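Q: Have a look; sequence and predicted model below, questions after that.
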Amino acid sequence: MPFNYSDAPPPRDFELIPHPTVATCILHINAGGVGEDGMLKRSKDGTCEMLACEFTVIDGLYKGRKFWEYWVMVGTTDGHKQSVGWNQGMIKAIIDSALGLKPDDMGPQAYAARNLSYKQLEGLTFIGKIGVEKGKPKNDNSGENWPDKNILLGVITPDKKDAQWPREMIIEFLLRAMPLIRKAAIARDLGDKGVSRKSNAATIARQANAAAGGPLMTPDEFNDEIGI
């Protein structure tokens, strides 16, 4: 049945992910039917072949958001050759981040792990730093610029210990981790080899309360000083 779209709501106008934002991303490759395994896409002028990358944020405040980049992997100009080197470096960083490899690890196992085809890059999960690129001028003599867009500014590899994590990501991690820690503590204290084997009546009562869903510690105990 036909539908009159005159009164349809306007599309949502998403704001860009702020610069810079650190988030976990998944890499998807939009194959274009050329190059190795048909995974590359040829440019309109036919001078280069590119990896059409789609990045999806999978955690934090911007979970579900996507952004796209085209990385030249085969080209005919000096500029293309420079881009190929930079793009290969970004792919190496994504692999290192996804597999937990340090960039300077050139051992046989790490060297073999980085030997991947374009198809094997599909689905790699890594920690990325997302930036904003100002829109470039259009080539239609209109004097207008393309809209600003998100880009992959960098990749967080295991050697970068001082990476700044967004507050939202830290909160989400703690919310997921604390229930697991609590369950592990209860299992430890109630186990046959746990500390409860020689516990007094008060401690056993506390453990029973925790097993029933109550707190293992009382609120005032969180303020006790711990001697070191």
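A: Arrived safely, thanks for sending.
Q: Setting aside sequence neighbours, what's the nearest residue to L51?
A: W71 (4.5 Å; C-beta to C-beta, 6 or more residues apart in numbering). All C-beta spots, glycine's among them, are computed from the backbone N, C-alpha and C.
Q: and what of D96?
A: T157 (4.6 Å).
Q: mind checking which helix or strand the one you found is in?
A: If you go by DSSP states H and E, T157 is not part of any helix or strand.
Q: Can you tell me how far it is from A98?
A: 10 Å (C-beta to C-beta, to the nearest Å).
Q: and what of D37?
A: In terms of C-beta to C-beta, D37 sits 19 Å off from A98.
Q: same check, this time on V34
A: For V34, the distance to A98 - C-beta to C-beta - is 25 Å.
Q: For the two, indicate the residue with more neighbours.
A: Ranked by neighbour count (other C-beta atoms under 10 Å), V34 and A98 place A98 first, with 20 against 14.
Q: Check which element follows the host helix or strand of that one along the chain.
A: Here A98 sits within helix 78-99, counting by DSSP H and E. Sequence order places helix 108-113 as the next helix or strand after helix 78-99, per DSSP H and E.
Q: For that next one, buried residues please.
A: Buried residues in helix 108-113, counted by 16 or more other C-beta atoms under 10 Å: 110, 113.
Q: The helix or strand just after it: partners in the sheet, and parallel or antiparallel?
A: On the C-terminal side of helix 108-113, the closest following helix or strand by DSSP H and E is strand 125-133. The strands beside strand 125-133 in its sheet (DSSP bridges) come out as strand 21-29 (antiparallel), strand 149-155 (antiparallel).
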